[in-house]
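Asker: Sequence first, then the predicted structure, then my questions.
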Amino acid sequence: MRIVVLGAGAVGSLIGAMLHRAGEDVVLVGSPAHVEAIRAGGLRIEGRLEGTFAIAAETRLAPGTSTDLVWFTVKTFDLARATEQAARELPGSIPWVLAQNGLGVEEVARAALRSAGRVADPDRWLVRAVNTIPATLVAPGIVRQPGDGEIRLADPNHAGTSGPSVRLVAASLLRAGVPVRFVPDIDRAAWRKAVVNAAINPVTAEHDILNGQLLQDPWRTEATILLLEALSAARLAGYDFSLEELERDLWETIRATAGNRSSMLQDVDRGRPTEIDSISGYLLDTARRHSVTLPATERIVERIRRRTASASHPRQQRS
Ligand code: KPL
């Protein structure tokens, strides 16, 4: 099966490598430096999956590219541009896998598919994937997987019109040995992950620490306060998580990804924009609509925004 990965940075390249290893015909679309390194010496994966893979890599999506499936692993702030381009250049009726952190992702892709006017029923093709597999872009052409995780997908039997698309995506991942978990409610899974990201990512990005360092104070307390605020936003949005389940998720994720630099920290490292708006910013907007304030979240969002204010939005972002 032909699979295009748009925005192949750390996560996209890792998923692409696993699919390629299982015999899929994968094309990574990434930044010029990453693509140049892959073309010169292959894609090197270190950590849980070890190997060098001769995968096709492009810096842009060529007009008329034919593919059976497309993974979007671009950053959330670059998703509108990437989906609009894909709606123009790719076949209309193929599964689109959205693997972004944060919230509000499907609406962006749906709007792009609708505005291109090529697809009558976008929801048939959109597949939301919630990824917890950690990955770090060590250098162009080199990705490290420092821990374990899984890809959560909607249970195809309860996924409405997108069920057949979910099934196709899941089958390719399972063939590649990628841990997949089917969940009854994918929106709930995306919120659950966003709450955990809201507690981990900004703190690691602000203090330049590995995820595992959040197990110690003062960062442990800071992450816990952010988790509590994120939980109140989730409840306002109608998700009745318990504090116990989210705390369990938070500390399990931190332990499983202890050696990782969070995706937000990697963005700060490279002077790029971050996903603060689609993670913590989305929680703030949700709370505001109910006249509720989240003081610690507000402060850290401000600090991260200030820190990355001068970051430009490069043409091809990676997650
Ligand atoms: O999703 C992640 C991220 O970095 O964005 C985690 C799971 C926290 C791994 O670092």
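Answerer: It's in.

Asker: how close does the nearest residue to residue 63 once chain neighbours are set aside get to residue 66?
Answerer: Nearest residue to residue 63 in three dimensions, chain neighbours excluded: residue 89, at 5.3 Å (C-beta to C-beta, 6 or more residues apart in numbering). C-beta here means a position set from N, CA and C on the backbone, and glycine is covered the same way. Residue 89 sits 10 Å away from residue 66, going by C-beta to C-beta, to the nearest Å.

Asker: Among the two, which residue is more densely surrounded?
Answerer: Neighbour tally, residue 89 and residue 66, criterion other C-beta atoms under 10 Å: the higher count belongs to residue 89, 17 against 10.

Asker: name the helices or strands packed onto the lowest-mean-pLDDT helix or strand in the chain?
Answerer: In the chain, the helix or strand scored least confidently by mean pLDDT, DSSP states H and E is helix 105-116, which has a mean of 86. Packed against helix 105-116 by the contact rule (3 or more C-beta pairs under 8 Å, 6 or more residues apart in numbering; DSSP states H and E) you find helix 79-89, strand 96-98, strand 126-131.

Asker: what's the spacing between it and its chain's center?
Answerer: How far helix 105-116 lies from its chain's middle: 17 Å, per C-alpha atoms, centre = their mean, to the nearest Å.

Asker: Neighbours of residue 212, how many?
Answerer: Neighbours of residue 212 (other C-beta under 10 Å): 17.

Asker: Just the local confidence number for it, please.
Answerer: Residue 212 is assigned 97 on the pLDDT scale.

Asker: same check, this time on residue 118
Answerer: 69.

Asker: One more: residue 303?
Answerer: So, for residue 303, pLDDT stands at 95.

Asker: Quick one: neighbours of it, just the number.
Answerer: The number of residues packed near residue 303 is 14, by other C-beta under 10 Å.

Asker: and residue 52, helix, strand or coil?
Answerer: The three-state label given to residue 52 by DSSP: H, G, I helix; E, B strand; the rest coil is strand.

Asker: Distance check, it against residue 17.
Answerer: 9 Å.

Asker: now residue 100
Answerer: Taken as C-beta to C-beta, the span from residue 100 to residue 17 is 19 Å.

Asker: ok, residue 304 - contacts?
Answerer: Contact analysis of residue 304 by C-beta atoms under 8 Å, 6 or more residues apart in numbering lists 202, 205-206, 264, 268, 274, 276, 280.

Asker: Near the ligand, which residues of the stretch 151-300 of the chain? Just list them.
Answerer: Counting by C-beta under 6 Å from any ligand atom, the stretch 151-300 of the chain comes close to the ligand at 197, 200-201, 211, 253, 257, 260, 262-263.

Asker: where do the helices sit along this protein?
Answerer: Using DSSP state H, the helices of the chain run over 10-21, 32-41, 79-89, 105-116, 163-175, 186-207, 219-236, 243-256, 263-269, 282-289, 295-307.

Asker: Of those helices, give the one that comes closest to residue 131.
Answerer: Nearest to residue 131 among the helices of the chain is helix 10-21 (6.1 Å), distances taken as C-beta to C-beta.

Asker: The closest one close to the ligand?
Answerer: No: using C-beta under 6 Å from any ligand atom, helix 10-21 stays clear of the ligand, with a minimum separation of 8.3 Å.

Asker: Need the contact partners of that helix.
Answerer: 3, 5-6, 8, 26, 28, 30, 34, 43, 45, 49, 51, 53, 55, 71, 73, 99, 131, 133, 135-137, 143, 145, 151, 172-173, 176-178, 263, 266, 318-319.

Asker: can you pick the most crowded of the contacts of residue 304?
Answerer: Counting by other C-beta under 10 Å, top hit in the contacts of residue 304: residue 280 with 31 neighbours.

Asker: So which of residue 52 and residue 17 has more stuff around it?
Answerer: Each of residue 52 and residue 17 has its neighbours counted (other C-beta under 10 Å); residue 17 has more, 27 against 15.

Asker: What's the separation between the more buried one and residue 81?
Answerer: Residue 17 sits 25 Å away from residue 81, taking C-beta to C-beta as the criterion.
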